[in-house]
Each structure stands twice: as structure tokens, then as C-alpha cells.
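Asks: Just a sequence and a predicted model for now, questions to come.
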Amino acid sequence: MSLADLSLDRWRAYDLPAARSFAASAADAVGGRVTAVETADHLGAPLHRVRIDRDGQEFALIPGGRVPVGFDLDAWRPTPAQAADYAASLSQGFGYGPDLRAHLAQLLSPRRTVTLATVLMAVTDEDLTEAPADLPALLAARGLRPPTADEWEHACGAGAATLFRWGDDCPLDSTPYTSPDGPQRQPNAFGLRIAYDTYRSELSTDPTAVHGGDGGESECGGYGRLLAWLPLATANRNPYTAEFLHGPEGDDLFDSMSVRPVLDLP
């Protein structure tokens, strides 16, 4: 089995010594060094987190295989508080549908199963310094690449079926910007700092999507508290933000975008 063929199910079955051994092999394969192997609870079971340093940049191990991504909107029910908060936003002219479910249907990718390789992904995103069209070549020069949209969603949610990477709820007495100790500030199940700031707009190889934020549009626009949190939803591809950023008016806004580089394993 190659390193890239590791499945998330098999990774979950590893004990700590086996996880450390795999981490060492992955680090050797990319010319890096293991900086941490930790175990945290995720979805009711232990999950090992691995961090590897390569050329001064820290990466997390993202096990792949056949994994679920997206969001099952049909199985989801908003809380009364969420529905009321959206209704208040709608009364102010914000929102993409007559109710919260209709709004989310325009933003979220559907629940599905995909097959992904195991990769290393940067723990933190990095700001763009050139236009998005130049990004693949710039990363390739460092032996890296942008993530696909499915890879980004899987890395963020780590198999969770919830709206956000931390659950289905969010604090409605604040917004992400005014919640310095909110759930978005904690590392995710794989140890990534991801979906943590709505002022971010992470790019993937899908030009119709941006991830982990909307560039601050919902926060600055005063859309309402729930609408300020929703850009952090794992399956939210923020298509309207993507259309603007990749359109002619977004040519000079690349400095507000970021990318989370991927390092492939052999």
C-alpha cells in the first residue's frame, strides 16, 4: 500500500505506535520531519493528528479513501432560533430564499461520497501574492498544489455530517468577528486552522467556489448573526462571492484571497 492509499477508516483503526510509524514514513517521503502526533476525540472515537514540518511550513496529515463530503439538507432541521434569525435578516432584504433551507440550498454542496488520496495539507492558509490564474504555477515551483473543492471540504469536516465543522449550531449572540473565543478558533479534527475567519476566502481548483469565508461581506454588510456565521459552514462554497472574485471586478482583489497548499504523498 502506498502512503497516498491510506483510508480514513484504516487510520482510525491504528493505535498510537502505528500512527507514529506512518507519520515518520510520510515525513521521510517528503523530506520533512514529524513535529507532533496527538490523539483527540472526534465523532465519538479517537482520531490521531499528525503535523509535519517541511521547509519551515507545517502540514497536517489528511487521510483519504472513500469519504463523505457535502451537507444533507433534507435531513437537517434548523433550530427555532436559527429560523428566527434568518427571518429577521430576510425582513431587512438579506438572504437567497423565503426560508433558511431555501437559502442554504443555493450555497451548500450536497452530501455525497468521494474517493480521495491521503495528502498533507498546510495547517494555515497563506495569502495570495499574485492573481489566481498564476497560483498553480507558483505552488508547483514549491512542489505544492491547490486543493480540490472536495479535498478542502473533507479536510475541514473530517467526515462530520454537521453544518459547521464543530456542530450544527453557532453562537447567535455574536458574530465570528466578535467571538474571539468561539468554536471557529479551535483547530479542527485534523489539526487545521480552517473555517476560522469569515474575512478569509480560500481558493480551490474549482473557480465556482471559495471556502472558509466570504471576504467579510456578510459581517461588514450587517446581514445578521446567522448569515455572518454561515460562510464558515463546511460545505458552503460561497458561489456568489466566487463569481465576484473570479469576475472582471475581482481582478485587483487577489490580496483578499488565500490558499491552503497541498503536498502529495507517493
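Replies: That came through fine. Numbers count the residues shown, from 1 in each chain.

Asks: What residues sit buried inside stretch 150-160?
Replies: Buried positions in stretch 150-160, judged by neighbour count with 16 or more other Cβ atoms under 10 Å: 150, 151, 152, 153, 154, 155, 156, 157, 158, 159, 160. Where C-beta positions appear, they are placed from N, C-alpha and C, glycine not excepted.

Asks: TSV please, covering those and showing secondary structure and pLDDT.
Replies: Below are the buried residues of stretch 150-160 laid out as TSV (DSSP: H, G, I helix; E, B strand; the rest coil; pLDDT from 0 to 100):
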residue	secondary structure	pLDDT
150	helix	98
151	helix	98
152	helix	98
153	helix	98
154	helix	98
155	helix	98
156	helix	98
157	helix	98
158	coil	98
159	coil	96
160	coil	97
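
Asks: Which one of these is nearest to residue 167?
Replies: residue 160 (8.1 Å; Cβ to Cβ).

Asks: Pretty sure residue 43 is one of the things the closest one touches, is it not?
Replies: Yes. When contacts are counted by Cβ atoms under 8 Å, residue 160 is listed as touching residue 43 (6.4 Å).

Asks: Find residues that contact each of those two.
Replies: residue 189 (Cβ atoms under 8 Å, 6 or more residues apart in numbering).

Asks: how much space between the residue nearest to residue 45 when sequence neighbours are not counted and residue 153?
Replies: Computed as Cβ to Cβ, 6 or more residues apart in numbering, the closest residue to residue 45 that is not its neighbour in sequence is residue 12, at 6.4 Å. Computed as Cβ to Cβ, to the nearest Å, the residue 12 to residue 153 distance reads 19 Å.

Asks: In this structure residue 61 contacts residue 20, no?
Replies: No. With contacts counted by Cβ under 8 Å, residue 61 stays clear of residue 20, the gap being 11.5 Å.

Asks: Compare those two and say which is more crowded by neighbours.
Replies: residue 61 (26 against 15; other Cβ atoms under 10 Å).

Asks: Okay, and the beta partners of that one?
Replies: Beta-bridge pairing for residue 61 (DSSP bridges): residue 120.

Asks: Okay, it and residue 263: tell me how far apart.
Replies: Counting by Cβ to Cβ, the separation of residue 61 from residue 263 is 10 Å.

Asks: Overlap of the contact sets of these two?
Replies: Joint contacts of residue 61 and residue 263 (Cβ under 8 Å, 6+ apart) are residue 120.

Asks: need the contact list for the residue nearest to residue 45.
Replies: Residue 12 neighbours (Cβ under 8 Å, 6+ apart): 45, 46, 47.

Asks: helices and strands around the strand or helix carrying the last one, which ones?
Replies: Think residue 47. Using DSSP states H and E, residue 47 falls within strand 45-54. For strand 45-54, the packing partners by 3 or more Cβ pairs under 8 Å, 6 or more residues apart in numbering; DSSP states H and E come out as helix 8-13, helix 16-30, strand 33-42, strand 57-62.
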